[in-house]
Each structure stands twice: as structure tokens, then as C-alpha cells.
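# Based on what follows, work out the 3D shape:
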Amino acid sequence: MSTPPAPLNRLRQEWREGRPTFGAIATIPSIQTVRIMAQSLDWIIVDLEHGPIDLGSAHAMITATSGTPCVPLVRIAANEPWLAKAPMDLGALGINFPMICNRADAEKAVRSVRYPPRGERLWGPFHAPYRWGVSMPQYMATADDDMICMVTIEHVEAVNRIDEIMATPGIDVAVIGPGDLATSIDKRGLIDHPEVVDLMARAEAGILNSGVPIGGVARSADQANRMIDRGYVLLALGFDWSLLQRGITASLEGIRR
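You can find the predicted model right below:
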């Protein structure tokens, strides 16, 4: 018997073994920025939801992770299969779906990232095999298992329906988005407000109870360590712009001006 091809994506196995992974969200259309971050991070989410990044730039940024252990993922602007299709075909090994508010939303996301009969992804990965240095048959052999379906819990309705969402087969990781969660209850920018903290705790409990890997935003090392202790395996350390901003601030600290 021939040996089945090895998966291209290591993240699912890391999460299954309970190992935390660290990454950032790339909003600047820059090959150089991604290349620098990819040397140190486990994954990068190329942001097609809020940043000024088009598909051409996204393709270049995905390709810029080549030769590093960093896994390229993409956040799309809405939970629509046609938005997920091109990033996967360009070499991304996961799609971050925003605003998943109920089971129907979750099922739609799952179907978007896998080929029939497991899903409804359309065929056409013309450039993905080149990113990963494999043939088209090799890419197709592991495509369904390589692709990460990442759902974001970021609305009060999603928290109220967290159990039905997390019971959806095929979700690979669920992340909590504090910014939009706060906005959904008219607490824009107040992610430490008690009502927002309560919603995040309810979302966290629902995800952890489901057994699906959990992810979130860590704004400091102390916060990251506390989250790891609670079971988080995907930790976003910031955006490219915020990491740059923090680095500049740290460099200026203590200098007499």
C-alpha cells in the first residue's frame, strides 16, 4: 500500500496536541512586512475584511510566507463562498469567517472550504500547489483536511446561540472577537466593560465545552499566559500596525526628548 501524502498544514495537529500557536493579522499590503513576521509566527491572517488589501496583494503576501514555518490564513469580508474561493486557490490554508451568528452561518462556512461530497468548494486551485511545492494531485489529496475553517464569535446573537454554533461538524477553530462583540451591545471600544467581559466568558465557556479549539486576542504576555492556562491554542498577538506601533513606542521609551 502506498503511504498517504503528508498534510501541508501543521496547525490542526498542534491544536489537537494542545500546543498554543501564535500569530498576527496583516492589514498592510506589504510582502516585506509579512516576510519579517513570518520568521517568528506560527500563522498570519491576511485581512481582506478591513485592510486595503486586494487579491493580487494577498497572493503576494501568501507567497511571502514560503520557506518559513508560518501558515498563511485569510480573513474574508463576509461569510460568502465566493469570497473564500480565491484565497484558497491562491494558497491560503484557512479561511477566517466573520460574524458567525447561528448554526446556518456555521454550516455555510464549513461547506465553503471543502470539496464535494464534504462541502461545496469549487475546483480551481491553479496557484496553491506552487505555493506549497507540490503537484496538483498532491494538493488535492489533502486539501479538505489542510483547510482550516475558522469561525469568529463576535456578536451577542452568536453568544446566545453558542451551543448550536459549536455543535456544527467541521469547525476547526473558533475565535472570540472582542471589538465587534462590544460594538454589538453598543459598547464600542469598551472591551473591558463588565457586560463585554461577561459575553466573552460565556462564549469562551461554550467553545471550551464543545471541544473545538479556541482562539482569541492576547494584548500582553500576562494575558496570553492566562489564556493558555484556560485552554487557548490560537493567540493573536496583534495587528501588523499595532505591533509596529508598540515596537516604536518601546524604542522611544526612556530616551530624553
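# What are the contacting residues of the lengthiest helix in the chain?
When the chain is parsed with DSSP state H, its longest helix is helix 194-210. The contact list for helix 194-210 (CB atoms under 8 Å, 6 or more residues apart in numbering) reads 153, 156, 158-159, 162-163, 165-167, 174, 176, 178, 181-182, 185, 187, 190, 214, 216, 230-231. Every C-beta, even on glycine, is put in place using the N, C-alpha and C of the backbone.
# in the protein, what spans have low per-residue confidence?
Scanning the chain for pLDDT under 70 picks out the ranges 1-4.
# tell me the centre residue of it?
Central residue of the chain (CA atoms, centre = their mean): N96, 4.7 Å from the mean position.
# what helix or strand does it sit in?
Using DSSP states H and E, N96 sits within strand 94-97.
# Dig out what the residue nearest to the centre of the chain forms beta bridges with.
R75, M150 (DSSP bridges).
# Helices of the stretch 1-150 of the chain, residue ranges please.
11-16, 31-38, 55-63, 81-89, 103-112, 128-132, 136-146 (DSSP state H, counting those that start in this stretch).
# Same list (these) but as CSV, adding mean neighbour count and distance to L73.
Output for the helices of the stretch 1-150 of the chain, formatted as CSV (neighbours: other CB atoms under 10 Å; distance: least, CB to CB, whole Å):
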stretch, mean neighbour count, distance to L73
helix 11-16, 17, 9
helix 31-38, 18, 12
helix 55-63, 19, 9
helix 81-89, 19, 9
helix 103-112, 20, 13
helix 128-132, 19, 13
helix 136-146, 16, 11
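# can I get those in JSON lines with distance to I255?
Formatted as JSON lines, the helices of the stretch 1-150 of the chain follow (distance: least, CB to CB, whole Å):
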{"stretch": "helix 11-16", "distance to I255": "39"}
{"stretch": "helix 31-38", "distance to I255": "23"}
{"stretch": "helix 55-63", "distance to I255": "33"}
{"stretch": "helix 81-89", "distance to I255": "42"}
{"stretch": "helix 103-112", "distance to I255": "47"}
{"stretch": "helix 128-132", "distance to I255": "42"}
{"stretch": "helix 136-146", "distance to I255": "46"}
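# Mind checking which of the contacts of helix 194-210 are buried?
Among those, those scoring as buried are 153, 156, 158-159, 162, 165-166, 174, 176, 178, 181-182, 185, 187, 214, 216 (criterion: 16 or more other CB atoms under 10 Å).
# Sort out which one of those lies nearest A104 for me.
Among the buried ones among the contacts of helix 194-210, I165 lies closest to A104 (CB to CB), at 9.6 Å.
# Apart from its neighbours in sequence, what residue is nearest P178?
Computed as CB to CB, 6 or more residues apart in numbering, the closest residue to P178 that is not its neighbour in sequence is I191, at 4.2 Å.
# just to revisit the earlier point, output the contacting helices and strands for the strand holding N96.
Under the contact definition 3 or more CB pairs under 8 Å, 6 or more residues apart in numbering; DSSP states H and E, strand 94-97 sits against strand 71-75, helix 81-89, helix 103-112, strand 148-153.
# is it true that Y232 touches R19?
No - counting by CB atoms under 8 Å, Y232 sits too far from R19 to count as a contact (11.2 Å).
# Looking at those two, which one has more neighbours?
Y232 (23 against 13; other CB atoms under 10 Å).
# show me what contacts L237?
Applying CB under 8 Å, 6+ apart, one finds that L237 lies in contact with F22, G23, A24, L41, A218, A224, L243.
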